[in-house]
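>>> After the sequence you'll find the predicted model.
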Amino acid sequence: MSHQITTLPDGRKLGYATIGKGTPVMYFHGTASSRLEIHLLKQLTTKGKLQLITFDRPGYGLSTYKPRKNLQDINSDLNFLADHLNIKQFNVLGWSGGGAFALAYMTHFPQRIKRGIIVSTPDLPFDASTAHNIPFVKYVMKLPFLGKIAMRNMRQQVLKTKDTEAFLRSNQGKQMLRTCSNRDLTFFSDPIWMGLMHQSIAEAFRQNNSINVVLEEHKLFLKPWNIPFKNIGNKLNVWQGTEDKTCPIKNAYSIAHKVKGCNLEIFPKQGHCVMFDNLEKLIELLKTV
């Protein structure tokens, strides 16, 4: 894997990573995560002849922080990166909170997109009372001082526990496990998978202002969509597990209703990690364009 930094026109740094060779796929990592998340998708490159490209959104990992007022504020960063890598067209893949940013990009630049897949993605404005299957989260998302306390505790715990098992035994780790469906728990019980996820989250929190970045994204999810859905149509695929406790199934149905002509696929008895449960299918979908 190649981890690099490029300088944007306004002087900010943009951290990004590439892995594999073949059809380019631009990956949007989840909220409170980072470019390291593509470690979890390495199979796409080894079996699918795909090139995965991902970047840290502003304030995560290696990327300079910049306030964002809407989802599409990062579109120019992505276009600069694609041009920097001399990639004119590509597929788009977004998971969880990253799916919202992926959809905002696809609707504004459909000419650059061959196919887009968003997985376990919140519909906006997101119903915070359903977030992560924890009623208290709605207060964390809506009240900044509570959110800062929760995120500060999360950051401290993630950064101080180098051992993944120790993190899962912490209050924050136990809370994360409570948000998982039975199927998702098989991933979180895999030490290799969970180790990679832990690294990605730790990288997200490496900057001192990373707490504000996470809260900022949550605030964006509480606002209504302000994007031209009609521009994307049948280029979009929406994936959703029926047992997703982090982002309930109603979100996928609502997005599919808004984006006329999109392809909605529901996966019975699968949860928030449905993408990682169906990598072979994902490969086939990303290859056939």
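Great, that's in hand. Residues are numbered from 1 along each chain as shown.
>>> from here on, contacts and neighbour counts on C-alpha atoms
OK.
>>> any idea which helix or strand comes after the longest helix that the chain contains?
Criterion DSSP state H: the longest helix present in the chain is helix 144-160. Moving toward the C-terminus from helix 144-160, the next helix or strand (DSSP states H and E) is helix 164-169.
>>> Buried residues, that next one. List them.
164, 167, 168 (16 or more other C-alpha atoms under 10 Å).
>>> rewinding a little: what's the longest helix of the chain packed up against?
If you count contacts as 3 or more C-alpha pairs under 8 Å, 6 or more residues apart in numbering; DSSP states H and E, helix 144-160 packs onto helix 137-142, helix 171-178, helix 191-204, helix 210-221.
>>> Which elements pack onto the last one?
In terms of contact count using 3+ C-alpha pairs under 8 Å, 6+ apart, helix 210-221 is assigned the packing partners helix 137-142, helix 144-160.
>>> list the buried ones in the last one?
I take that to be helix 144-160. Neighbour count says helix 144-160 has 147, 148, 150, 151, 152, 154, 155, 157, 158, 159 buried, by 16+ other C-alpha under 10 Å.
>>> and that helix with helix 171-178, angle?
For helix 144-160 against helix 171-178, the angle by axes from the mean of the first three to the mean of the last three C-alpha atoms, to 10 degrees is 100 degrees.
>>> average pLDDT for helix 144-160?
Across helix 144-160, pLDDT averages out at 78.
>>> Stretch 120-130 now?
On average, stretch 120-130 scores 88.
>>> contacts for that stretch?
Contacts to stretch 120-130, defined as C-alpha atoms under 8 Å, 6 or more residues apart in numbering, come from residues 95-100, 135-138, 141, 221-225, 239-241, 244-248, 251-252, 254-255, 272-274.
>>> now do 6 Å
96, 99, 135, 138, 221-225, 240, 251, 255, 272 (C-alpha atoms under 6 Å, 6 or more residues apart in numbering).
>>> then it to PDB, C-alphas only?
Taking C-alpha atoms only, stretch 120-130 is exported to PDB below (Å, rounded to 0.1, in the frame of the first residue of the first chain):
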ATOM      1  CA  SER A 120     -25.200   0.900   5.100                       C
ATOM      2  CA  THR A 121     -25.600   4.600   4.400                       C
ATOM      3  CA  PRO A 122     -27.800   7.100   6.400                       C
ATOM      4  CA  ASP A 123     -30.600   8.900   4.800                       C
ATOM      5  CA  LEU A 124     -30.700  12.600   5.600                       C
ATOM      6  CA  PRO A 125     -31.800  14.200   7.900                       C
ATOM      7  CA  PHE A 126     -30.700  11.100   9.900                       C
ATOM      8  CA  ASP A 127     -33.000  10.000  12.700                       C
ATOM      9  CA  ALA A 128     -30.500  10.300  15.500                       C
ATOM     10  CA  SER A 129     -32.700   8.400  17.900                       C
ATOM     11  CA  THR A 130     -32.000   5.200  15.900                       C
END
